[in-house]
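Asker: Sequence and predicted model, in that order:
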Amino acid sequence: MTPLAGYLLVAALLFSIGLAGALTRRNAILVLIGIELMLNAANLNLIAFWRYGPHPEALTGMMFAIFSIAVAAAEAAVGLGLVIQIHRHVKTTDLDQMNRMKG
Amino acid sequence: MIDTCDQIFVLLQHWLVSYLPASWQPAAGVLLSVAAIVCLFPALFALTTVFERKGLARIQNRLGPNRVGPFGFFQPIADGIKSLTKEDIVPKSADAAVHFLAPVLLVITVFMGFAVLPMGRNMVLVDLDAGLLFYFAMGASAELAVFMAGWSSRNKYSLLGAMRAVAQMISYEVPLLMSSVVVVMITGSLSLTKIVEAQSQYTWGLPHWYIFTPWGFAGFLMYAIATTAETNRSPFDLPEGESELVAGYHTEYSGFKFALFFLGEYVAMFSISGLGTTLFLGGWGAPFSFLTWVPSWIWFFSKLMLSIFVFIWMRGTLPRLRQDQLMNFAWKFVLPMCLLNLLVTGLWRFMGDGWLRWVVCSAILLLAYAGMGLAEMRKQRLGPRSYRYAE
Amino acid sequence: MSFVFYLLAALTVAGGLAAMLLKNTVHCALALTVAFAGLALLFLNLDAQFAGFAQILVYIGAVAILVVFAILLTRGSETPRDGVFSRTWLAGLAIAAAVFAVLGWAVLGSARVLPHETAVPEVTVQQIGVALVGRYVLPLEIVAVLLTSALIGAVIVAMHEKVGHEKEDSK
């Protein structure tokens, strides 16, 4: 197994762990944690392909990963702000209890 | 002879390492440097605690500790024995694992910062290309340790202190980074050794330190304010103010763990002062060109101890800032000044050499400072003092 | 496949698993921090120094603290009443397992054509800087606008709305 395949498998494993967490946990914040894990797994994929790809001096993979880190931070901020505001409204973060559109 | 004195630690390291087989030599060299750092800075910490107590005491018109040893200089030994032999109390409802890991994480991240500081000519542990970024990454990780300490104690005062401390550290992290970015803009590299080398020229005997330029002076002031807030030192020490919050986030820590928090705070002060001297005060460079025969590491540590002395002086002199005053100050004054400083640095770079850029840049910064200061003070409406006596 | 890679991969996967399986929400956030640190070390192993240090600075220094603050402000550290996994946990687990199976099959199936050993790329921070304002200047400016709008948006979304209510009550 080549080194690149090893990194891709680790990224795939992290992605599916994040996906499993995002789909099965009740707390809204833990869903967001799962999403962060998925984004990080994608970043690992990008950097691994940059390193073992044909043209590392073009810096494409590294740039993509850096912008992805910035966008993920922005998305985490907005998502957590939304969770905090929802908690103020319905006094819970349990997603199983938020199954109605009536506010 | 002068060069030997200057490079004495490097030569010592090479000589000690030459007794080992060739394949082990790089790793052994690095381990030796790490051991030197880990032994030196806690020793400096011990010395600083006694300086601080005696310095604060003299500022407050009293003597400091003067019983243990000559003029009280063996006080840290007594303090050390006390901390190591006190009972380590962990509250029953505290989260034991996180409670244990918080001081460990703090000390680890604080010591990692020393890996990129150039302490003398050729005396940097790792010459990273992105050295400054590594330093700030380690500084940012220390905030999590503070939060872990406060949360795991299950004590509302600890939690409150931890939230305040983390909010303060995050608010002042932005001015800290921005005031360092101006140095990177002019030097063109994130590597700390290159930043020091760029400041090691002399014109008419005076050095090219960045603090002697308008943007460097403003940057240094912003950096100094931000570092005082990042290390929770007075006047920004509300999170650990004894009169307000018992002891803040380290209320529930006793014995060796408390000593580790104390050590972490002071070593963070050393490392961030070291970064300040590297960025603005010329690192290991001598102040005048006729003094370059003095070894470079003596200059670095002198400037470091000078910064520590200024920290102690500020602690004894200035009153504490309230939490909302602190946050207001960060977001409404320091951050706009840092952004303006970025603009001024760009102007400096593109105006070319000459006296005009000095005048323009200084004028912009002074006008902005005066203008923002007046704007903030106008809202205060401070009248003459009034007294209310108890009936 | 070196020993360092296996160690770092094990650390990262263990952190991710702990983040998704633990009952205490704050412990999950701290395990997530361990996963972030493991990933940063994996980036350093791949000679991507800038990305590794940026990962530590942004994720551990900002996102982890944000998550922890959100847990505190939403009282997430109290034990939940009905358990930590939702009613439909089996379906979620099955979907995640299917996704991993597909990805793993794709990676292992194409292992023949993946490149083996390439030279270490000599990337300096100066090259990254030149690329950011040269070739990638449009994404840079768009990300700047995005971050500004996310900052303002997050502040507005999470702000207290009580100012209007207080004025009504005082009448």
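Answerer: Sure thing, it's come through.
Asker: Name the residue closest to the centre of chain B, please.
Answerer: B:Ile272 (2.8 Å; Cα atoms, centre = their mean).
Asker: Check what pLDDT that residue gets.
Answerer: pLDDT for B:Ile272: 95.
Asker: Setting aside sequence neighbours, what's the nearest residue to it?
Answerer: B:Thr227 (4.7 Å; Cβ to Cβ, 6 or more residues apart in numbering or on different chains). (C-beta placed from N, C-alpha, C; glycine too.)
Asker: Now do the contacts for that neighbour.
Answerer: Residues counted as contacts of B:Thr227 (Cβ atoms under 8 Å, 6 or more residues apart in numbering or on different chains) are B:176, B:269, B:272-273, B:276.
Asker: just those residues now: which is nearest chain A?
Answerer: B:Leu176 (17.9 Å; Cβ to the nearest Cβ).
Asker: Helix or strand next in line after the helix or strand of chain B with the lowest mean pLDDT, which one?
Answerer: Ranked by mean pLDDT, DSSP states H and E, the helix or strand of chain B with the weakest confidence is helix B:242-245, at a mean of 56. Note on helix B:242-245: by DSSP states H and E, the next helix or strand toward the C-terminus is helix B:256-280.
Asker: Just the buried positions in that next one, please.
Answerer: Neighbour-count burial for helix B:256-280, counted by 16 or more other Cβ atoms under 10 Å in any protein chain shown, picks out B:257-280.
Asker: Can I get stretch B:6-24 in PDB? Just the C-alpha atoms.
Answerer: Extracted as PDB, the C-alpha positions of stretch B:6-24 are listed here (Å, rounded to 0.1, in the frame of the first residue of the first chain):
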ATOM      1  CA  ASP B   6      29.800  34.700  21.700                       C
ATOM      2  CA  GLN B   7      29.500  31.100  20.500                       C
ATOM      3  CA  ILE B   8      30.400  29.500  23.700                       C
ATOM      4  CA  PHE B   9      27.200  27.500  24.200                       C
ATOM      5  CA  VAL B  10      27.200  26.400  20.600                       C
ATOM      6  CA  LEU B  11      30.900  25.200  20.900                       C
ATOM      7  CA  LEU B  12      30.000  23.500  24.200                       C
ATOM      8  CA  GLN B  13      27.200  21.700  22.600                       C
ATOM      9  CA  HIS B  14      29.300  20.500  19.600                       C
ATOM     10  CA  TRP B  15      32.100  19.300  22.000                       C
ATOM     11  CA  LEU B  16      29.700  17.300  24.200                       C
ATOM     12  CA  VAL B  17      27.900  15.800  21.200                       C
ATOM     13  CA  SER B  18      31.200  14.800  19.600                       C
ATOM     14  CA  TYR B  19      31.600  11.900  22.100                       C
ATOM     15  CA  LEU B  20      28.700  10.100  20.500                       C
ATOM     16  CA  PRO B  21      28.500   8.200  17.200                       C
ATOM     17  CA  ALA B  22      27.800  10.300  14.100                       C
ATOM     18  CA  SER B  23      24.300   9.000  13.600                       C
ATOM     19  CA  TRP B  24      23.100  10.000  17.100                       C
END
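Asker: Tell me which residues of it come out buried.
Answerer: In stretch B:6-24, counting by 16+ other Cβ under 10 Å, buried: B:6-7, B:9-10, B:13, B:17.
Asker: pLDDT score for the residue in chain A that chain B sits nearest to?
Answerer: Closest to chain B within chain A is A:Ile66: 11.7 Å, counting by Cβ to the nearest Cβ. On the pLDDT scale, A:Ile66 is placed at 94.
Asker: Just confirm yes or no for the host helix or strand of it near chain C.
Answerer: Assessed by DSSP H and E, A:Ile66 sits inside helix A:60-90. Yes: counting by Cβ under 8 Å from any Cβ of the partner chain, chain C is contacted by helix A:60-90 at A:62-63, A:65-67, A:69-78, A:80-85, A:87.
Asker: If any of these are buried, give me the PyMOL selection for them.
Answerer: The PyMOL command for the buried members of those (criterion: 16+ other Cβ under 10 Å) is given here:
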select buried, chain A and resi 62+63+65+66+67+69+70+71+72+73+74+75+76+77+78+80+81+82+83+84+85+87
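Asker: Could you list the low-pLDDT ranges of chain A?
Answerer: By pLDDT under 70, the low-scoring segments of chain A are A:103.
Asker: Let me know how buried C:Thr25 is, in neighbour terms.
Answerer: Using other Cβ atoms under 10 Å in any protein chain shown, the number of residues around C:Thr25 comes to 27.
Asker: Same check on the one 4 residues further on?
Answerer: A total of 27 residues lie near C:Ala29 under the criterion other Cβ under 10 Å.
Asker: Could you pull up the contacting residues of it?
Answerer: A:33, C:19, C:64, C:67-68, C:71.
Asker: No further questions, thank you.
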